[in-house]
Structures are given as C-alpha cells and as structure tokens.
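>>> Based on what follows, work out the 3D shape:
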Amino acid sequence: MKSFRLVNPTTLDEAIDFASDRAAGSSKFLAGGQDLLTEMKEHLSGPDRVVNLKSIPGLDALDSSGGSLRIGALTTLSRIERDAAVRAHWTALAEAAHSVASPQIRTCGTIGGNLCQRPRCWYYRLEEANCLKKGGTECFSYGGLNKYNAILGGGPTYIVHPSDLAPALVALGAEIVLRSKSGERRMPLEKFYVLPADGDVTKETVLADGEIVTEIVVPKPAAGTRSTYVKFKERESYDFALSAVGASVVLEGGKVAAARLCLGAVAPVPWRVERAEKVLVGRVLDETAAREAANEALRGAEPLSQNAYKVPLTKTLVERALLALAR
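Numbering: from 1, shown residues only. You can find the predicted model right below:
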C-alpha cells in the first residue's frame, strides 16, 4: 500500500475542501473502508490523502418519522437490516442489506460505500492486468474468463455492478443526494450510474471529483405496496450475487396498479426493466404474469462465452420475486 495522509474533517464543507485541494495531491473519501482499503492494498488506488468521513457528525442518520425514509451515507448495513420501520415498509432494502457479506462486514460497511463500490471483475482486481477499466485498451473478460460478467448493457467493458442495495433501492424509487463545492444535487438513484458506453469507461457513477454522497431518500410507500429482494450466489455466506432482483408492486383490488423491477449483477449498472413492469400493470400477479414479465426482463440479453446460465437464472429469480409478492 502506498503511504498516504489521513485527515479527519468535522464538517462536509471541510471534507470537500480537503478533497478539492489539488496542491496536496489526489484524495479519496473513506466511509466504511471495506472496498477502498482493499483497492489500496491491491495497488488499484493510491491516493495521497484519505479523507475520513466518519469524523463528520450526522452522516449516519436513519429517520422515517416524516413518512419518507432518509438514510445518511454512513449508516451501516447492519443498522438498516435491523430497523423495524425499514423491515416493515421498505422490506426489499432490509433484505438486501441482510444479504451482504458477513455480520462483521455489515457492521462496518455503509450504504454510501455499498452504492459506490468498484467492480469485482477478475481482470479489474488483478493488479498486473491493464484492462480497459483501468485505462488500458482491451476488456479482457470479453474473450476471456467471463462467468461473472454482464449479459445486459455490456460494452466496451462487461463489468457488473456489485451493489446489493442499489437494485432494491431503485425498485423502491429512491433518490440520492450529492454535495460538492458547487452545491447540492439530488437525482433518482438509477440516474446516478452510467453505462460504460455512455461516459468515462473508468467510472461507474456521475460523481465528480471532490463530490460526496450525503444521503439516500426513499419515498413513503403507497398503500398496498409490497417489495422484496431476491439474490442467488454460489455459496450460502459471504458472496457476491450471480444474479439478483429488486421488486416492488402496488396491489389494488387484487391487481397490479404499479410495479418497479431492477436486476442486479447482470449489467454494468443496476438494470431497471420498465418494459417488464408494463407487462404486470393491470393484471393479477399470478404465474403467467410473472413468467411473461421475466421473459420480457431478459429480452435482448447478450451472454458472453461462459455466462449464458445467467439468462434462465435471472428469469427464475424474477418469477420467484414476483410470486413472493403475490402471497
């Protein structure tokens, strides 16, 4: 690991000033540290200065008293999964938080860090592989080892976004709040992520240099809302998803009045499938509707040489998630 200077700001403005001071070299924000410290140890990131956000009061707030759910970026996953209001009204989020890694990691890991974590692709994580994601000229997974890579939205790189909370939050209609020297901006979470083909291939989000995620805002669920998060992984504990589904529906009179579906671990971004949502609206949530929505969700998938299994797997997860909401 490269030597660095650790600073402990006590306000957001101070943290932003530290990160914006180019004369002091490059900076990275430290939240829970589960991803950043690993990248630094593997020489994938080498900041001159690490700005510790845990020294700023108020960034770990969790409040649902106003109807909507407001979550500070430093709120831990363990706190989210245990919160009674989250479990009752934003169930998909509690289930997604519970699915992450191990209890020890969930005690340290934060929602902001989970949403901003970097890809897990073998080639990206291998220090010696100068892949396209790290400024090279080739995505080695395209013709190489790609069992875990994208089947939707891929190209020119084929990473998948590893966050569990992001698909659940997109399904719940969440917004993300960012802060920089230019002020504050707020956007739907799904707009926070960018496809490799639509921006800087070395980045996964719209975060600018020196910009901080401060808060996640999840709207109050409409009457009749049900949500869930379903994840499939190779081993029962401490593993990333091979495929995942965040689903939310509003049921009125036994039929779907509204639906939101977001796929995880199959695309470079949390992959919302609006055309599959439209299949469900106005229908009874039964096996036929769930199967048709699942087929629509995977329409256009383009598997690589080793990950075609993700197509039937993800269809099955969509069906399971929707049928779970029908009970």
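>>> Name the SS class of the nearest residue to Glu287 once chain neighbours are set aside, please.
Leaving aside its chain neighbours, Glu287 sits nearest to Leu323 (6.7 Å; criterion: CB to CB, 6 or more residues apart in numbering). Bear in mind the C-beta positions are built from the backbone N, C-alpha and C, glycine included. Taking DSSP: H, G, I helix; E, B strand; the rest coil as the rule, one finds Leu323 in the helix state.
>>> Near Leu323, how many other residues are there?
Neighbours of Leu323 under the rule other CB atoms under 10 Å: 15.
>>> what separates it from Val279, distance-wise?
14 Å (CB to CB, to the nearest Å).
>>> The residue nearest to Glu287 and Val284 touch, don't they?
No: counting by CB atoms under 8 Å, Leu323 does not reach Val284; the two are 11.7 Å apart.
>>> The stretch 151-300 of the chain: strands as residue ranges?
Here the stretch 151-300 of the chain has its strands, by DSSP state E, counting those that start in this stretch, at 175-180, 183-188, 212-218, 225-232, 243-252, 255-264, 271-272.
>>> could I get the ones you listed as JSON lines with mean pLDDT, distance to Glu296 and mean neighbour count?
JSON lines is the format used below for these (pLDDT from 0 to 100; distance: least, CB to CB, whole Å; neighbours: other CB atoms under 10 Å):
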{"stretch": "strand 175-180", "mean pLDDT": "98", "distance to Glu296": "26", "mean neighbour count": "20"}
{"stretch": "strand 183-188", "mean pLDDT": "98", "distance to Glu296": "22", "mean neighbour count": "11"}
{"stretch": "strand 212-218", "mean pLDDT": "98", "distance to Glu296": "26", "mean neighbour count": "21"}
{"stretch": "strand 225-232", "mean pLDDT": "98", "distance to Glu296": "17", "mean neighbour count": "22"}
{"stretch": "strand 243-252", "mean pLDDT": "98", "distance to Glu296": "13", "mean neighbour count": "25"}
{"stretch": "strand 255-264", "mean pLDDT": "98", "distance to Glu296": "9", "mean neighbour count": "24"}
{"stretch": "strand 271-272", "mean pLDDT": "98", "distance to Glu296": "13", "mean neighbour count": "24"}
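>>> Figure out the length between the terminal residues of stretch 250-259.
Start-to-end span of stretch 250-259 (CA to CA, to the nearest Å) is 6 Å.
>>> who's in contact with that stretch?
222-226, 247-249, 277, 280-285, 289, 293, 325 (CB atoms under 8 Å, 6 or more residues apart in numbering).
>>> Equivalent analysis for stretch 311-322, please.
Stretch 311-322 is contacted by residues 151, 228-232, 242-247, 249, 261, 263, 266, 276, 280, 285, 287, 289-291, 293-295, 297-298, 301, 303 when judged by CB under 8 Å, 6+ apart.
>>> got the buried residues for it?
Of the residues in stretch 311-322, 311, 313-322 count as buried by neighbour count, 16 or more other CB atoms under 10 Å.
>>> Mind checking which of those land in helices?
311, 313-322 (DSSP state H).
>>> Can you redo these as JSON lines, where the extra columns are distance to Cys108 and pLDDT?
Below are these laid out as JSON lines (distance: CB to CB, whole Å; pLDDT from 0 to 100):
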{"residue": "Val311", "distance to Cys108": "35", "pLDDT": "98"}
{"residue": "Leu313", "distance to Cys108": "30", "pLDDT": "98"}
{"residue": "Thr314", "distance to Cys108": "30", "pLDDT": "98"}
{"residue": "Lys315", "distance to Cys108": "35", "pLDDT": "98"}
{"residue": "Thr316", "distance to Cys108": "33", "pLDDT": "98"}
{"residue": "Leu317", "distance to Cys108": "28", "pLDDT": "98"}
{"residue": "Val318", "distance to Cys108": "32", "pLDDT": "99"}
{"residue": "Glu319", "distance to Cys108": "35", "pLDDT": "98"}
{"residue": "Arg320", "distance to Cys108": "30", "pLDDT": "98"}
{"residue": "Ala321", "distance to Cys108": "28", "pLDDT": "98"}
{"residue": "Leu322", "distance to Cys108": "33", "pLDDT": "98"}
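>>> Identify the residues contacting Trp271.
152-153, 167, 262-264.
>>> Find the pair from the residues you listed with maximum spatial separation.
Gly153 and Pro167 (13.5 Å; CB to CB).
>>> who has more neighbours, those two?
Pro167 (32 against 21).
>>> The more buried one contacts Gly246, correct?
Yes: counting by CB under 8 Å, Pro167 does reach Gly246; the two are 3.7 Å apart.
>>> Mutual contacts of the two, please.
Common neighbours of Pro167 and Gly246 (criterion: CB under 8 Å, 6+ apart): 96, 229, 262-264, 270.
>>> which of these sit farthest apart?
Farthest pair in the shared contacts of Pro167 and Gly246 (CB to CB) is Ala96 and Leu263. Separation: 13.0 Å.
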